[in-house]
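Prediction below, plus the sequence it came from.
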Amino acid sequence: MNLFFKIFKYQIRNILRSKWLIVYAIFFLISSEALFNFSGDYSKAIVGLLNISMILIPVVSIIFGTIYIYNSREFIEMLLSHPLERKSIFTGIYLGMSIPLALSFVLGVGISIINHYDGNIALYATLLTSGFLQTMIFMSISITIAFKFNDKAAGIGVAIIIWIFFAIIYDALIMLFIWQFTDYPLEKPIIALTLCNPIDLARILVMLKFDAAALMGYTGAVFEKFFGSLQGIIIIIT
């Protein structure tokens, strides 16, 4: 545990030296303020902010994490060459990378939300939590990529492909699946497929806070019934 905290604190200090965290937080702050001030409707502002975050958070997290691991490879290899607990090493590196980036998003958007708070705490909490968890998920993917591929260019290329797959291709494949098997009961398969894509999952959870399931037809009702239940929440968290 002592080793974990030492590595975690070292990673935090190292990450905080990066100006990109400040730029990242300021971008979300400016974007949030612009949407709240010029949309004329807070609901439209949240939808716009959701669309921005669902694109930007995954790509920044996966590319930033991949590049950071490649740049820190010698330090990590040095740690692994010593008789130290590997679980503490990897956990400290992962959390030390992920938490500062996730908090940059929460800080940037959170300041704007506080400035324009209208009492809808459930909606705002869901938006911030989904962004935080997406950062953690795609950071973990980036670490896996960096350790699987020794070549930096190949690793970054794979990271971009994975982001494109989850952000664009995955939805197209689901639509093709629904079209091909439209005569069969697809409620459970669609829910299972949705759980495999953190971007879609975050989008649906936030949209359901708008009571948008009524506008999504039967599929929306299925999502609302599952994701609004205690069982659904437990499955999402795990």
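Sure, I can see it. Residues are numbered from 1 along each chain as shown.

tell me the pLDDT at the closest residue to Ile111 other than its chain neighbours?
Spatial nearest neighbour of Ile111, excluding adjacent residues (C-beta to C-beta, 6 or more residues apart in numbering): Leu29 at 5.7 Å. Where C-beta positions appear, they are placed from N, C-alpha and C, glycine not excepted. Per-residue pLDDT puts Leu29 at 93.

List of residues touching the helix or strand hosting Ala154?
Element membership of Ala154 [criterion: DSSP states H and E] is helix 152-164. Identification of contacts with helix 152-164 by C-beta atoms under 8 Å, 6 or more residues apart in numbering yields 58-59, 62-63, 66-67, 70, 138, 141-142, 145-146, 148-149.

Same question for stretch 117-127.
Under C-beta under 8 Å, 6+ apart, the answer for stretch 117-127 is Tyr42, Ile46, Leu49, Leu50, Ser53, Val109, Ile113, Leu205, Val206, Lys209, Phe210.

give me that answer again for 7 Å
Contact with stretch 117-127 is made by Tyr42, Ile46, Leu50, Ile113, Leu205, Val206, Lys209, as judged by C-beta atoms under 7 Å, 6 or more residues apart in numbering.

thinking again about what came up before, kindly export the helix holding Ala154 (C-alpha atoms) in CSV.
Extracted in CSV, the C-alpha atoms of helix 152-164 (Å, rounded to 0.1, in the frame of the first residue of the first chain):
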residue,chain,number,x,y,z
LYS,A,152,4.7,3.9,-30.5
ALA,A,153,3.3,4.7,-33.9
ALA,A,154,1.5,1.4,-34.1
GLY,A,155,0.1,1.9,-30.6
ILE,A,156,-1.2,5.4,-31.3
GLY,A,157,-2.7,4.1,-34.5
VAL,A,158,-4.5,1.3,-32.7
ALA,A,159,-5.8,3.8,-30.1
ILE,A,160,-7.3,6.0,-32.8
ILE,A,161,-8.9,3.0,-34.5
ILE,A,162,-10.5,1.8,-31.2
TRP,A,163,-11.9,5.3,-30.6
ILE,A,164,-13.3,5.4,-34.1
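
Buried residues, that helix. List them.
For helix 152-164, burial by neighbour count (16 or more other C-beta atoms under 10 Å) applies to Gly155, Ile156, Val158, Ala159, Ile162, Trp163.

again, but for stretch 14-24
Residues of stretch 14-24 classed as buried: Ile15, Leu21, Tyr24 (neighbour count, 16+ other C-beta under 10 Å).

Using a markdown table, lay out these together with secondary structure.
Below are the buried residues of stretch 14-24 laid out as a markdown table (DSSP: H, G, I helix; E, B strand; the rest coil):
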| residue | secondary structure |
| --- | --- |
| Ile15 | helix |
| Leu21 | helix |
| Tyr24 | helix |
